[in-house]
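*Asks:* What follows is a predicted structure for the sequence shown.
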Amino acid sequence: MTPHPDSPLAEKFHPSPNHGARLVGPTDTLILHYTGMPTAEAALELLATERGGVSCHYFVWEDGRIWRLVAEDRRAWHAGKSFWAGETDLNSRSIGIEIVHPGHPNLSAPPYATFGGCAPFPERQIAAVAALCQEICQRRHIAPQRVLAHSDIAPARKVDPGETFPWARLAESGVGLWVEPAAIRPGPCLEPGALGPPAAALQQMLAAYGYGVDITGVYDEATRNVVAAFQRHFRPALVDGRADASTVETLQAVLRARDSLQTSAAPGASQVAIRSASAARSSGP
């Protein structure tokens, strides 16, 4: 079988030894990360040495340079223990892009906490990320709803690329699914401790999009982490893990937009099964 080509936008191959054969397919997902380290050089060393035990396919510098670390046909070790739409081996299903960024200043707080001081991404870097994502998605036919944050697939332990990552800017380039978030306003909300049908309905909507959440009717800590991950991606103005009216309305709009895309791509494809995340998660790198 002829190897799949890699992106021509990568100007240099800086090989990482941390990869293996893809175990399941197809390669239909794009996952964005930030490096979360003080310097780009430290992050690159971690990703490109055997002792690091992690890797990615592409590495995007702050000035917009794009380096390739792992061939796209190989399984890079970037997703870790993760879940999306019933899949647990996201490394085998995805292309991983690491974006140089120092990350959140304090990760000792829970994933749903509102973080302060997360720096914006440089425009030259985002322009490069958008171009790279656009090229990969077009070449590999990756659906908009399969362009994800690391925090989407691992909400209990990851927050990258963070709430300052400009998903709307990528959408302007035709990459990813984006809707204008509903306005934040005072009013009742669902929060940890809530029980019954409203909590179950929220969990069903999150699971319908792909998030790993058990549909129990109990607004537990796991649900709060998933709500925070959704907010971080689609309603970044306030990330607190509480399902206020803005969060719920934005989630409903995201599902409608997803269904519209699927219907236009394939009649009947909007009938998406709601899957529980109770299946065993992968534990490998």
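*Replies:* On my side now, so go ahead. Numbering: from 1, shown residues only.

*Asks:* Just the element for the residue lying closest to residue 35 once chain neighbours are set aside, please.
*Replies:* Distances taken as CB to CB, 6 or more residues apart in numbering place residue 43 nearest to residue 35, at 3.6 Å, with adjacent residues excluded. No exception for glycine: its C-beta is placed from N, CA and C like everyone else's. Element membership of residue 43, judged by DSSP states H and E, is helix 40-48.

*Asks:* name the helices or strands packed onto that helix?
*Replies:* When contacts are defined as 3 or more CB pairs under 8 Å, 6 or more residues apart in numbering; DSSP states H and E, helix 40-48 packs onto strand 58-60.

*Asks:* Distance from the strand it packs on to the middle of the chain?
*Replies:* Centroid displacement of strand 58-60 relative to its chain, using CA atoms, centre = their mean, to the nearest Å, is 16 Å.

*Asks:* Low-confidence stretches in the stretch 1-150 of the chain?
*Replies:* 1-4, 107-117 (pLDDT under 70).

*Asks:* What ranges does it have for its helices?
*Replies:* Taking DSSP state H, counting those that start in this stretch as the test, the helices found in the stretch 1-150 of the chain are 40-48, 90-93, 123-140, 150-153.

*Asks:* okay if I get those helices as JSON lines plus distance to residue 179 and mean neighbour count?
*Replies:* Below are those laid out as JSON lines (distance: least, CB to CB, whole Å; neighbours: other CB atoms under 10 Å):
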{"stretch": "helix 40-48", "distance to residue 179": "32", "mean neighbour count": "18"}
{"stretch": "helix 90-93", "distance to residue 179": "24", "mean neighbour count": "24"}
{"stretch": "helix 123-140", "distance to residue 179": "18", "mean neighbour count": "18"}
{"stretch": "helix 150-153", "distance to residue 179": "15", "mean neighbour count": "26"}
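
*Asks:* between these, which one is nearest to residue 219?
*Replies:* Judged by CB to CB, the one of these that comes nearest to residue 219 is helix 150-153, at 19.1 Å.

*Asks:* nearest spatial neighbour of the residue most central in space within the chain, skipping sequence neighbours?
*Replies:* Taking CA atoms, centre = their mean as the criterion, residue 149 is the residue nearest the geometric centre of the chain, at 1.5 Å. Distances taken as CB to CB, 6+ apart place residue 233 nearest to residue 149, at 5.3 Å, with adjacent residues excluded.

*Asks:* same check, this time on residue 37
*Replies:* residue 43 (4.3 Å).

*Asks:* go on, residue 252?
*Replies:* Distance criterion CB to CB, 6+ apart; nearest residue to residue 252, sequence neighbours excluded, is residue 205 at 7.0 Å.

*Asks:* The one you found contacts residue 249, doesn't it?
*Replies:* No: between residue 205 and residue 249 there is no contact under CB atoms under 8 Å: 11.1 Å.

*Asks:* which one of those two has more residues nearby?
*Replies:* residue 205 (19 against 15; other CB atoms under 10 Å).

*Asks:* So what's the gap between the helix or strand hosting the more buried one and the chain middle?
*Replies:* Using DSSP H and E, residue 205 maps to helix 197-209. Using CA atoms, centre = their mean, the mean C-alpha position of helix 197-209 is found 19 Å from that of the whole chain.
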